[in-house]
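J.: Give the three-dimensional model of this entry:
(one chain, ligands or ions: 2)
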Amino acid sequence: MSELLTRDEYAAIAKGLDFPRSPFIDGRFHTAGGGEFETVNPATGETICKIGACSGEDVDLAVARAREAFEEGRWSKLHPAERKDVLIRLCKLITRNARELAVMESLDSGKPIRDCVTIDIPETIHTIKWHAEAADKIYDQTAPAGEDAVAMIVREPIGVVAAVLPWNFPSLMLAWKIGPALAAGNSVIVKPAEQTSLTALRIAELAMEAGIPRGVLQVLTGDGPGVGEPLGMHMDIDMVSFTGSTETGRRFLRYAADSNLKKVVLECGGKNPAIVLADAENLDLVAGHVVNAAFWNMGENCSANSRLIVQAGIKDALMERIQARLRDWKTGDPLDPQNHLGALIDADHCRKVASYLDGIEALAGGALAGAYLEPTLVETDRDHRLAREEVFGPILSVITVASADEALEIANDTQYGLAASIFTANGRKALSAARAIRAGTVTVNCYGEGDITTPFGGYKQSGFGGRDNGLHAHDQYTETKTIWIDLSDPAAQDDVG
Ligand SMILES: NC(=O)C1=CN([C@@H]2O[C@H](COP(=O)(O)OP(=O)(O)OC[C@H]3O[C@@H](n4cnc5c(N)ncnc54)[C@H](OP(=O)(O)O)[C@@H]3O)[C@@H](O)[C@H]2O)C=CC1
Ligand SMILES: CCCCCC/C=C/C(=O)O
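T.: Ligands and ions are numbered 1, 2, ... in the order given. Reported below is the predicted structural model:
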């Protein structure tokens, strides 16, 4: 926390920011053809600035420039070590501008500055750097083809990749996509969520300064129907990597089917359980994980544990500790580093989240003001919509169970399968539960998404087609080619055919 400044110091940085206002196409800010939209600070409701919205022609232009860059090999044919050097230069530039980027992110999204400074921007840098470093350390393979042939299995960049992003981790999700996609040699077109375009635009500008050739990293601003759909339907885009709602993810599968069968990778929603069994140790620590898992980033997190499934024997002791923890989790001005929760993405979304509480008495929290909603605890049965739907806000649904088997059955009774946590002192129970839970990430006696080295993505309707993070992400941005070379003596061969 020592790196944090005061609220007034952050406000002074905010005053001095120069906001990017246009899409970034072919290495420069470009006058958009689709009018303008306002980007609003959810914490105050004030307009930060107007940003140009891309037209269909702008999308076509960006795709043409991306294709040209790819075919000319400006980036795709560089030695991997050269791509590494440029991406590391980009990381240095992001680091140099980290404070401004953190404040920009907080203003644009309502995220607490403490998280932007200590998590979002450092993790953005770490992610790009990790993939950059991997670029010249990944080997291709040869197959066991015998003495008379060499069979090489080589990776090649896919081509033009569109990265369609959500608003909940604007720069980090950008890094999760562009890190591996650029390291692998692709041209990337980013479509940030309309609410949160600012840091993506600034990072694209820094990428140009770092030496990423024009056309290789572009950012198209605008909304889903105006920009996301034309990207999804485009005949010259080779892949879409998407993070967002399951409903919109489904659309990208349809776009691909109705256009060129582009590769689609989806990272979608979750309704993730935290299971606390009666033998869990150190309930203070468990309560800390449960609170963090549910309320970090205002619960606007696909991997939030929004269901607490707790065994009856320890429920009261745990709830007492959770309530005590919550008293320290202050909600308010995102630029004040004392606050753990800032504003939700906008007042409409906040009202929608709060409407889940209609007719329910909360055990704690529940106060609503503008785009702010206090962290809220509610007791529900397993079939309540709060316990089944992805709320994407700071509401934790508490479900009491009699046994570990019942807990696991409820945990899996969902259309989603992104993440889960289990707390127990019994190693055998922990491991068998981790295997039984149908989710992409299961944490034992802790909460988290893993780290850059571990793949992240979902089972069932939480994901499709691949994983973010780790070398698994690198794989998803490459095609696999077989090159078979015959080594046998032509003179000794029978005729063919
Ligand atoms: N898994 C996750 O991390 C996330 C899940 N969600 C869930 O989704 C809910 C709705 O949030 P929302 O922002 O609308 O999420 P969406 O899934 O709609 O948005 C994600 C991205 O897809 C774009 N998009 C939206 N509609 C279309 C479309 N028809 N064609 C192509 N692209 C499109 C969005 O653009 P634009 O927003 O500019 O219109 C945005 O860039 C949330 O309440 C939450 O439950 C939301 C964000 C992240
Ligand atoms: C520091 C790791 C943050 C991971 C956030 C993962 C969330 C993804 C999403 O909501 O899409």
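J.: how about the residues of this structure that lie near ligand 2?
T.: 119, 123, 166, 168, 169, 243, 267, 301, 302, 303, 449 (C-beta under 6 Å from any ligand atom). From N, CA and C alone the C-beta is placed, and that goes for glycine too.
J.: Keep only those of the residues you listed that are in helices.
T.: residue 123 (DSSP state H).
J.: Buried only: go through the residues of the chain next to ligand 2 for me.
T.: 119, 123, 166, 168, 169, 243, 267, 301, 302, 303, 449 (16 or more other C-beta atoms under 10 Å).
J.: out of the residues you listed, who's nearest ligand 2?
T.: Set against ligand 2, the nearest of those by C-beta to the nearest ligand atom is residue 302 (3.4 Å).
J.: So which elements touch the host helix or strand of residue 256?
T.: Per DSSP states H and E, residue 256 falls inside helix 246-258. Here helix 246-258 touches helix 229-233, strand 239-243, strand 263-267, going by 3 or more C-beta pairs under 8 Å, 6 or more residues apart in numbering; DSSP states H and E.
J.: Any idea which of these gets closest to ligand 1?
T.: Of those, nearest to ligand 1 by C-beta to the nearest ligand atom is helix 229-233, at 4.1 Å.
J.: the strands in the stretch 51-200 of the chain, which residues?
T.: In the stretch 51-200 of the chain, the strands defined using DSSP state E, counting those that start in this stretch lie at 141-143, 149-157, 160-164, 187-191.
J.: element containing residue 50, please.
T.: strand 47-52.
J.: for the record, mean pLDDT for that strand?
T.: The average pLDDT for strand 47-52 rounds to 98.
J.: For the remainder of this discussion, apply numbering that starts at 53.
T.: Yep, numbering from 53; the last one is strand 99-104 now.
J.: Can you tell me the strand partners of it and which way each runs?
T.: Strand 99-104 has the following strand partners under DSSP bridges: strand 88-92 (antiparallel).
J.: how about the strand it pairs with: buried residues?
T.: Within strand 88-92, the residues that count as buried by 16+ other C-beta under 10 Å are 89, 91, 92.
J.: tell me the mean pLDDT over that strand?
T.: Across strand 88-92, pLDDT averages out at 98.
J.: ditto for stretch 230-243
T.: 98.
J.: With mean neighbour count and distance to ligand 1 added, can I get the strands of the stretch 103-252 of the chain in JSON lines?
T.: Shown next, in JSON lines, are the strands of the stretch 103-252 of the chain (neighbours: other C-beta atoms under 10 Å; distance: least, C-beta to the nearest ligand atom, whole Å):
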{"stretch": "strand 193-195", "mean neighbour count": "12", "distance to ligand 1": "33"}
{"stretch": "strand 201-209", "mean neighbour count": "15", "distance to ligand 1": "23"}
{"stretch": "strand 212-216", "mean neighbour count": "28", "distance to ligand 1": "5"}
{"stretch": "strand 239-243", "mean neighbour count": "29", "distance to ligand 1": "6"}
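J.: Looking at the ones you listed, which is nearest to residue 346?
T.: Closest to residue 346 of the strands of the stretch 103-252 of the chain, according to C-beta to C-beta: strand 212-216, at 26.6 Å.
J.: Packing partners of the closest one?
T.: Strand 212-216 is packed against helix 108-124, helix 222-235, strand 239-243, helix 281-285, strand 291-295, with contacts defined by 3+ C-beta pairs under 8 Å, 6+ apart.
J.: so what does the third one touch, helix or strand wise?
T.: In this structure, strand 239-243 makes packing contacts with helix 108-124, strand 212-216, helix 222-235, strand 269-271, judged by 3+ C-beta pairs under 8 Å, 6+ apart.
J.: Give the pairing partners of it; include direction for each.
T.: strand 212-216 (parallel), strand 269-271 (parallel).
J.: low pLDDT regions in the stretch 53-202 of the chain?
T.: The stretch 53-202 of the chain contains residues with pLDDT under 70 at 53-54.
J.: Name the residue of it with the shortest distance to ligand 1.
T.: residue 89 (9.0 Å).
J.: pLDDT (mean, whole number) over stretch 434-453?
T.: The average pLDDT within stretch 434-453 is 97.
J.: Next one: the closest residue to residue 519 other than its chain neighbours from ligand 1, what distance?
T.: Among residues not flanking residue 519 along the chain, residue 507 sits closest, at 3.6 Å (C-beta to C-beta, 6 or more residues apart in numbering). The gap separating residue 507 from ligand 1 is 16 Å, by C-beta to the nearest ligand atom, to the nearest Å.
J.: Quick check: residue 507 touching residue 525?
T.: Yes: using C-beta atoms under 8 Å, residue 507 is in contact with residue 525, at 7.1 Å.
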